[in-house]
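Colleague: Sequence and predicted structure, then a few things I'm wondering about:
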Amino acid sequence: MLNNLLTNPIFWISVYFIGFVIAIIILSLPRLFTGVEKKLPKVLLKIYIMSVFIAPPMALPFTKGPEIAIPAYVSLSLGIFLLVMNFVIKILAQKKIGALPGLKRKAKLITTGIYGIVRNPLYMSNGLLAIGMAVLLKSMYALIFSIPYSLSYLLIIYFEEKDLMEKYGNEYQEYMKKVPYRIIPRLF
């Protein structure tokens, strides 16, 4: 029975959707949940983030469903390329901000390195992870899921940017002008 649940794409989409709704509720009600990330034990926050934002795009390609009709060499090459890009971007971003920047009391606004190219490289890398896994394993459901999954970060970014504007003011406004795109890199 557990095996049937874990191979059901609806289960993983539901895990993400429910977790995403909870995150948006918490982010949109700052008076009730101000500093909730500082009040929760770090291990619980890590488990929540991993189970809601990382597990579904990693597990969904392994579920039952139709395959993408592309040659194996294309899915292998493109999937591995996207996954490598995900890891490189994630490493560069984490190196700049640390493991859990939201848990730091006083943090400086990071505007250099990968953050000088794209404002939210970690969210961009999660989108690459979802698309890369879907393509690599030729999963149609995972590929379809990867589109709203990637775009849903725009709502999270909206709430985070409100907080960043309050915290950094003009400094963040200048950064937004310099790096205009949220999850798409500024190449020139």
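Modeller: Looks like it came in fine.

Colleague: okay, CA-based contacts and neighbour counts for the rest of this
Modeller: Noted.

Colleague: Any stretches of this protein with poor pLDDT?
Modeller: 1-2, 30-40, 99-106, 188 (pLDDT under 70).

Colleague: Go again with 90.
Modeller: Along the chain, segments meeting pLDDT under 90 span 1-7, 22-50, 96-109, 159-160, 163, 166, 180-188.

Colleague: Number of residues surrounding Y48?
Modeller: Per other Cα atoms under 10 Å, the neighbour tally for Y48 reads 14.

Colleague: any idea which helix or strand carries it?
Modeller: Assigned by DSSP states H and E, Y48 belongs to helix 42-49.

Colleague: Tell me which other helices or strands whatever helix or strand comes next after that helix touches.
Modeller: Proceeding N to C from helix 42-49, the next assigned helix or strand is helix 55-59, under DSSP H and E. Packing partners of helix 55-59 (3 or more Cα pairs under 8 Å, 6 or more residues apart in numbering; DSSP states H and E): helix 9-28, helix 121-136, helix 140-168.

Colleague: got the contact list for helix 55-59?
Modeller: W12, I13, V15, Y16, L129, A130, M133, A134, A142, F145, S146 (Cα atoms under 8 Å, 6 or more residues apart in numbering).

Colleague: 7 Å instead?
Modeller: W12, I13, Y16, A130, M133, A142 (Cα atoms under 7 Å, 6 or more residues apart in numbering).

Colleague: The residue lying closest to L122 once chain neighbours are set aside and N120, how far apart?
Modeller: Distance criterion Cα to Cα, 6 or more residues apart in numbering; nearest residue to L122, sequence neighbours excluded, is K90 at 5.7 Å. Separation of K90 from N120 (Cα to Cα, to the nearest Å): 10 Å.
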